[in-house]
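[1] Need coordinates for the below:
(one chain, ligands or ions: 1)
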Amino acid sequence: MRAAVSTAYGPPEVVRVAEVPKPAATDHQVLVKVHATTVNRTDCGLRAARPFIVRLFVGLRRPRFTVLGTEFAGEVEAVGAGVTSFAVGDRVFGFSGSRFGAHAEYLAVPDDGWLATVPADLGYEEVAPSTEGAQYALTLIRTARIRRGQDVLVNGATGAIGSAAVQLLRHLGATVTATCDTDHLELVRRLGADRVIDYTAEDFTRDARTYDVVLDAVGKSSFRRCRRLLRPGGLYLSSDLGPLSQNPVLALLTPLFGGRKVRFPNPMRQDQAAVMRTVRELLSSGEFRPLIDRRYRLDQIVEAYTYVETGRKIGSVVIDV
Ligand SMILES: NC(=O)c1ccc[n+]([C@@H]2O[C@H](COP(=O)([O-])OP(=O)(O)OC[C@H]3O[C@@H](n4cnc5c(N)ncnc54)[C@H](OP(=O)(O)O)[C@@H]3O)[C@@H](O)[C@H]2O)c1
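    The predicted model follows:
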């Protein structure tokens, strides 16, 4: 089968499309013929080994996972002997997480993890980008126990995580203030933000309002700068380690002092099948639609990486396999 392979860490050009062995489904796995996948920030980080510390988990000198890609949508080609919840021919989508492998024509994934059937009226390219951003957003929202009527600020509402967060917060009934640049003010309002701040014209950390939760979905702020926006007991959440990789440390320290706290949850620890059920329901009801920026073919994956690394993608970049 064809796959996008990288055998060394480095810039987008280390990736090339090559023939590799086709995987087979073990007893509790489903073999998916991939129709659509994405290039996301996780793929960029792993490909470049940035931050350096990721090498401890994915290979010190060269990558252990040579085919990247976490999000996928496609058709079930084969199922293992123990699989009862999926059948050959099902249209499915999901997230391969720390196993990667989605930048390929075929992918074998566990039947009890991040896997669900595609809602009837949606195409593969529409659902492939609906797992990573949505599951990070869900994890952040659930960790903060955000409720109807709470005031939440989302910094970076046009990224994959931010655009999912705004939609899911609207669905919950929170009051959402969101930041983006001038060109995307209307788009973010349409996603469901009650109030939009143009970050090119205004420093949101100087905003006169205060919030129950500040959710940085783009890693461009810090707890120190956002502290004054938080009400007593308020929470600062981030999808990113932060400028000095301080967010995990602050998440351990700030609860010791009471008052305003940092939370840095790990989405990999969630009940994967339950997350996929929620995402599927939100897609079926139309409450959530992933934003799609550009589409590329698998043989254009170097261009896709180069674009994602500009840090300016709107929602997700889809690869037609
Ligand atoms: N914890 C993890 O394992 C994990 C996994 C995935 C992603 N992440 C992190 O989560 C963050 C978001 O990733 P993502 O894929 O959702 O999106 P992304 O590619 O990082 O976000 C791009 C968007 O951010 C907006 N943006 C850029 N600078 C901004 C600023 N100063 N203020 C507000 N918005 C700004 C851009 O919109 P405009 O054109 O409007 O500026 C663009 O739409 C990244 O930092 C990524 O590293 C973490």
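[2] Please make it C-alpha for all contacts and neighbour counts, starting now.
    Noted.
[3] Just the residues contacting stretch 174-182, thanks.
    146-158, 166, 169-170, 188, 192-200, 204 (Cα atoms under 8 Å, 6 or more residues apart in numbering).
[4] Can you point out the buried residues in it?
    Using 16 or more other Cα atoms under 10 Å as the test for burial, stretch 174-182 gives 174-181.
[5] Is it possible to mark the buried ones in the contacts of stretch 174-182?
    146, 151-158, 166, 169-170, 188, 192-193, 196-199, 204.
[6] Wasn't R295 part of a strand?
    Yes. Assessed by DSSP: H, G, I helix; E, B strand; the rest coil, R295 belongs to a strand.
[7] Give the partner strands of the longest strand anywhere in the chain in its sheet and their orientations.
    The longest strand of the chain (DSSP state E) is strand 29-39. Take DSSP bridges as the rule and strand 29-39 pairs in its sheet with strand 71-79 (antiparallel), strand 106-110 (antiparallel), strand 316-320 (antiparallel).
[8] Quick check: which of the buried ones among the contacts of stretch 174-182 are also close to the ligand?
    155-156, 158, 199 (Cα under 6 Å from any ligand atom).
[9] Quick check: the farthest pair among the residues you listed?
    Maximum pairwise distance among these (Cα to Cα): 11.9 Å, between T158 and Y199.
[10] Make TSV out of the buried residues of stretch 174-182 and add secondary structure, pLDDT and distance to the ligand.
    Shown next, in TSV, are these (DSSP: H, G, I helix; E, B strand; the rest coil; pLDDT from 0 to 100; distance: Cα to the nearest ligand atom, whole Å):
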residue	secondary structure	pLDDT	distance to the ligand
A174	coil	98	20
T175	strand	98	18
V176	strand	98	15
T177	strand	98	12
A178	strand	98	9
T179	strand	98	6
C180	strand	97	4
D181	coil	96	4
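[11] Quick one: mean pLDDT for stretch 146-155?
    When pLDDT is averaged over stretch 146-155, the result is 97.
[12] got the CA positions of the helix or strand bottoming out on mean pLDDT in the chain in PDB?
    When the helices and strands of the chain are scored by mean pLDDT, DSSP states H and E, helix 55-58 comes last with a mean of 90. These are the backbone C-alpha positions of helix 55-58, laid out as PDB (Å, rounded to 0.1, in the frame of the first residue of the first chain):
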ATOM      1  CA  ARG A  55      12.000  11.900  21.500                       C
ATOM      2  CA  LEU A  56      11.800  10.200  24.900                       C
ATOM      3  CA  PHE A  57       8.500   8.700  23.900                       C
ATOM      4  CA  VAL A  58       8.800   8.200  20.100                       C
END
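[13] Contacts for that helix, please.
    Counting by Cα under 8 Å, 6+ apart, 46, 49, 61, 63-65 sit against helix 55-58.
[14] Name the residues of the protein found near the ligand, please.
    Counting by Cα under 6 Å from any ligand atom, the residues of the chain that sit close to the ligand are 40-42, 155-156, 158-162, 179-181, 184, 199, 217-220, 239-240, 311-314.
[15] Just those: which are in helices?
    The helices, defined by DSSP state H, take in 41-42, 160-162 from the residues of the chain next to the ligand.
[16] need those in JSON lines with neighbour count, can you?
    Shown next, in JSON lines, are these (neighbours: other Cα atoms under 10 Å):
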{"residue": "R41", "neighbour count": "16"}
{"residue": "T42", "neighbour count": "16"}
{"residue": "A160", "neighbour count": "30"}
{"residue": "I161", "neighbour count": "28"}
{"residue": "G162", "neighbour count": "29"}
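[17] could those residues go into a markdown table alongside pLDDT and distance to G258?
    As requested, those are exported to a markdown table (pLDDT from 0 to 100; distance: Cα to Cα, whole Å):
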| residue | pLDDT | distance to G258 |
| --- | --- | --- |
| R41 | 94 | 33 |
| T42 | 93 | 32 |
| A160 | 97 | 32 |
| I161 | 97 | 28 |
| G162 | 97 | 27 |
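[18] Which of the residues you listed sits closest to A25?
    T42 (24.9 Å).
[19] And the strands in the stretch 201-321 of the chain?
    Ranges of strands in the stretch 201-321 of the chain, per DSSP state E, counting those that start in this stretch, are 211-216, 230-238, 261-263, 292-297, 316-320.
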